[in-house]
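S.K.: coords please:
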Amino acid sequence: MESYALLIGATLSAGTVLAIAALGLLINEKAGIVNLGAEGMMLCAAIAGFATVVHTGNTWLGFAAGMAAGALLAAIFGVLVIWLNTNQYATGLALSLFGVGFSAFAGISFVQAKLPELPKYAIPVLSDVPLLGPALFQQHPLVYLTMLLVAGLIWFLYRSRAGLVLRSVGESPESAHALGYPVRRIRLAAVVAGGALCGLSGAYISTVYTPLWVEGMVAGRGWIALALTTFATWRPARVLLGAYLFGGVTMLQFHLQATGVQVASQLLSMLPYVATIVVLALISRNPAWIRINMPASLGKPFYPGS
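M.R.: Purely as a prediction, here's the structure:
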């Protein structure tokens, strides 16, 4: 029973990493922008958050630093693709490659650094419930804040005027522009917000999830988060469920190893990425379903006055 509680708890923590980043990318894509630079932004945010915690001892300041790093890189990406109309896919890949190289360079002096020990978090009374207590009620506060973020994003996108404007910019930027909305500024704001969330995810990885710095430690999670937006058909609640699904697959490899299952460790390490490919292949079997759900102007440049 205890091993299952640990597996559930680890799934929530691993899923939180993916959910935060995927929600940020979902905001981008709702505005019609595809940002393939999530991996690079998360890596730069991871080293920014880790270095901040090393020097201050405050995890929340590390989160803030990670968000700032992600937002800054996203702003640069936004200016390039929204104002200068560079290719979104090529620019995103360049950002990802830049983040990989820059984080490796900036993190050289932090490889052996140690973070202060994290406090133990537990919700009184509920944390003592057998099985459910250790699994659900002894998580870092950011796990619960992510669930609230999903609820807030659902309300914002589907119940608020600002969310309606954001979705209209993603569906038909020409119509939104004709109505007087500043399409480029709205898209830039969405890109920066998405970058900040990717940055928060990266900082969470290096300061809480695996509190250390290792080159390339994001390990493809930015790409999985990007795939999650399609898997979830651009719906925040489905993003959260998909994140927990992929998080569970990630943690399953360690659970199987701990229980003595005789499977090659290399095969188990492949599971999250194989699952991503399988899911995307299954979704792609119905192109009409993708077209119905995705923003109509996704990945397309906007030329005012055209």
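S.K.: output the contacting helices and strands for the longest helix that the chain contains.
M.R.: In the chain, with assignment by DSSP state H, the single longest helix is helix 2-30. Secondary-structure packing of helix 2-30 (3 or more C-beta pairs under 8 Å, 6 or more residues apart in numbering; DSSP states H and E): helix 38-56, helix 132-136, helix 141-159, helix 161-171, helix 183-204, helix 221-231, helix 236-258. In short, each C-beta sits where N, CA and C put it, glycine included.
S.K.: any chance of these in CSV, plus mean pLDDT, distance to residue 24 and mean neighbour count?
M.R.: Formatted as CSV, these follow (pLDDT from 0 to 100; distance: least, C-beta to C-beta, whole Å; neighbours: other C-beta atoms under 10 Å):
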stretch, mean pLDDT, distance to residue 24, mean neighbour count
helix 38-56, 97, 8, 27
helix 132-136, 81, 25, 18
helix 141-159, 96, 10, 16
helix 161-171, 95, 14, 18
helix 183-204, 97, 3, 26
helix 221-231, 91, 8, 25
helix 236-258, 84, 10, 20
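S.K.: same list (the ones you listed) but as JSON lines, adding distance to residue 303.
M.R.: As requested, those are exported to JSON lines (distance: least, C-beta to C-beta, whole Å):
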{"stretch": "helix 38-56", "distance to residue 303": "26"}
{"stretch": "helix 132-136", "distance to residue 303": "49"}
{"stretch": "helix 141-159", "distance to residue 303": "26"}
{"stretch": "helix 161-171", "distance to residue 303": "14"}
{"stretch": "helix 183-204", "distance to residue 303": "10"}
{"stretch": "helix 221-231", "distance to residue 303": "25"}
{"stretch": "helix 236-258", "distance to residue 303": "30"}
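S.K.: out of the ones you listed, nearest to residue 106?
M.R.: helix 38-56 (5.2 Å; C-beta to C-beta).
S.K.: give me the angle between that closest one and helix 221-231.
M.R.: Following axes from the mean of the first three to the mean of the last three C-alpha atoms, to 10 degrees, one obtains 130 degrees for the angle between helix 38-56 and helix 221-231.
S.K.: so which of the helices and strands packed on helix 2-30 comes closest to residue 118?
M.R.: If you check each of the helices and strands packed on helix 2-30 against residue 118 by C-beta to C-beta, helix 38-56 wins as the nearest, at 9.9 Å.
S.K.: now the end-to-end length of stretch 255-270.
M.R.: 15 Å (C-alpha to C-alpha, to the nearest Å).
S.K.: which element is residue 33 on?
M.R.: Of the helices and strands defined by DSSP states H and E, none includes residue 33.
S.K.: please look at it and residue 189 and confirm they touch.
M.R.: No - judged on C-beta atoms under 8 Å, residue 33 makes no contact with residue 189 at a distance of 10.9 Å.
S.K.: next one: the longest helix of the chain to chain centre, how far?
M.R.: Here helix 2-30 is found 8 Å from its chain centre; the criterion is C-alpha atoms, centre = their mean, to the nearest Å.
S.K.: swap in stretch 158-171?
M.R.: Worked out by C-alpha atoms, centre = their mean, stretch 158-171 lies 21 Å from the chain centre.
S.K.: again with stretch 233-247
M.R.: Relative to the centre of its chain, stretch 233-247 is centred 11 Å away, using C-alpha atoms, centre = their mean.
S.K.: residues in contact with it: which ones?
M.R.: Identification of contacts with stretch 233-247 by C-beta atoms under 8 Å, 6 or more residues apart in numbering yields 10-19, 22-23, 26, 29-30, 146-147, 150, 153-154, 157, 224-225, 228-229, 231-232, 272, 275-276, 289-290, 293-295.
S.K.: got the buried residues for the longest helix of the chain?
M.R.: By 16 or more other C-beta atoms under 10 Å, the buried positions in helix 2-30 come out as 5-30.
S.K.: repeat that for stretch 271-283.
M.R.: Neighbour-count burial for stretch 271-283 [16+ other C-beta under 10 Å]: 271-273, 275-276, 279.
S.K.: again with stretch 86-101
M.R.: Neighbour-count burial for stretch 86-101 [16+ other C-beta under 10 Å]: 86, 88, 91-92, 94-96, 98-100.
S.K.: contacting residues for the spatially closest residue to residue 40 that is not a sequence neighbour?
M.R.: Leaving aside its chain neighbours, residue 40 sits nearest to residue 99 (2.1 Å; criterion: C-beta to C-beta, 6 or more residues apart in numbering). Taking C-beta under 8 Å, 6+ apart, we find residue 99 in contact with 37, 39-44, 73.
S.K.: at 7 Å instead, please
M.R.: Listed by C-beta atoms under 7 Å, 6 or more residues apart in numbering, the contact set of residue 99 reads 37, 39-41, 43-44, 73.
S.K.: nearest residue to residue 135 in space, please, no chain neighbours.
M.R.: residue 8 (3.8 Å).
S.K.: I'd say the one you found and residue 134 touch.
M.R.: No - assessed by C-beta atoms under 7 Å, residue 8 is found out of contact with residue 134, at 8.4 Å.
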